[in-house]
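K.L.:
okay, structure incoming, though there's no sequence with it:
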């Protein structure tokens with residue numbers, strides 16, 4: 001946790017997105033005026049698109065830059081989360097949701113690669129355990145936060161809440177100068 005707090009936050013943001021998206025997208029769609037069938041199909045398209053595109057995300061992070069992929073994924077997640085509010089009644093909801101889900105989850109995929117690049121042996125096992133714990137944290141805190149936000153501020157607060165976590169990730173990356181892992185302390 002001391003060596004990789006930003007990496008763990010990235011995992012938490014991706015997990016929070018995943019659980020809120022799956023749990024609340026249909027509610028977002030229904031309250032925005034979509035039929036249950038349309039909201040369900042769009043959610044399914046987002047999930048399937050996400051599954052299919054992660055191989056490309058992994059290849060891109062192997063050939064280009066892991067940090068670069070995370071930055072662009074976070075930026076795309078923010079843009080598409082905000083855009084969701086405006087395209088919900090348009091055919092553009094389909095590509096928006098597919099791009100949004102793919103970009104949001106790409107952060108998790110690349111975080112795993114960064115973990116494997118950086119840690120070996122017992123440190124890798126400890127890092128994997130910490131990532132699993134953060135998966136649980138994001139999954140536990142995301143849905144209640146989204147539900148409270150929707151109750152307090154309306155249904156459009158859901159995608160804005162998701163975007164806010166990726167904004168925080170970008171701020172963390174800027175403050176750490178793009179370093180997910182801290183150098184080991186001497187002593």
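P.N.:
Yes, it's here. None of the values given here were measured: they were computed from a predicted structure.

K.L.:
show me where pLDDT drops low in this structure?
P.N.:
For the chain, the stretches with pLDDT under 70 are 184-187.

K.L.:
scan it for its longest helix.
P.N.:
helix 121-153 (DSSP state H).

K.L.:
helices or strands next to that helix in the packing?
P.N.:
With contacts taken as 3 or more CB pairs under 8 Å, 6 or more residues apart in numbering; DSSP states H and E, helix 121-153 sits against helix 5-31, helix 93-118, helix 157-175. In this view, the C-beta of every residue, glycine as well, is placed from N, C-alpha and C.

K.L.:
could these go into JSON lines alongside mean neighbour count?
P.N.:
Shown next, in JSON lines, are the helices and strands packed on helix 121-153 (neighbours: other CB atoms under 10 Å):
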{"stretch": "helix 5-31", "mean neighbour count": "22"}
{"stretch": "helix 93-118", "mean neighbour count": "21"}
{"stretch": "helix 157-175", "mean neighbour count": "19"}
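
K.L.:
residue contacts, residue 74?
P.N.:
Residues in contact with residue 74 (CB atoms under 8 Å, 6 or more residues apart in numbering) are 103, 107, 166, 167, 169, 170, 173.

K.L.:
check the gap between the nearest residue to residue 157 once chain neighbours are set aside and residue 183 for me.
P.N.:
Nearest residue to residue 157 in three dimensions, chain neighbours excluded: residue 149, at 4.0 Å (CB to CB, 6 or more residues apart in numbering). To residue 183, residue 149 is 37 Å away according to CB to CB, to the nearest Å.

K.L.:
these two: which has the busier surroundings?
P.N.:
Using other CB atoms under 10 Å as the criterion, residue 149 and residue 183 rank with residue 149 on top: 20 against 7.

K.L.:
roughly how far apart are that one and residue 163?
P.N.:
From residue 149 to residue 163 the distance is 12 Å (CB to CB).

K.L.:
same deal with residue 32?
P.N.:
Counting by CB to CB, the gap from residue 32 to residue 163 is 16 Å.

K.L.:
you'd agree residue 159 is up against residue 27?
P.N.:
No: with contact defined as CB atoms under 8 Å, residue 159 does not reach residue 27; the gap is 11.9 Å.

K.L.:
please enumerate the shared neighbours of those two.
P.N.:
With CB under 8 Å, 6+ apart, residue 159 and residue 27 have no common neighbours.

K.L.:
next, the angle helix 93-118 makes with the longest helix of the chain.
P.N.:
150 degrees (axes from the mean of the first three to the mean of the last three CA atoms, to 10 degrees).

K.L.:
that'll do, ta.
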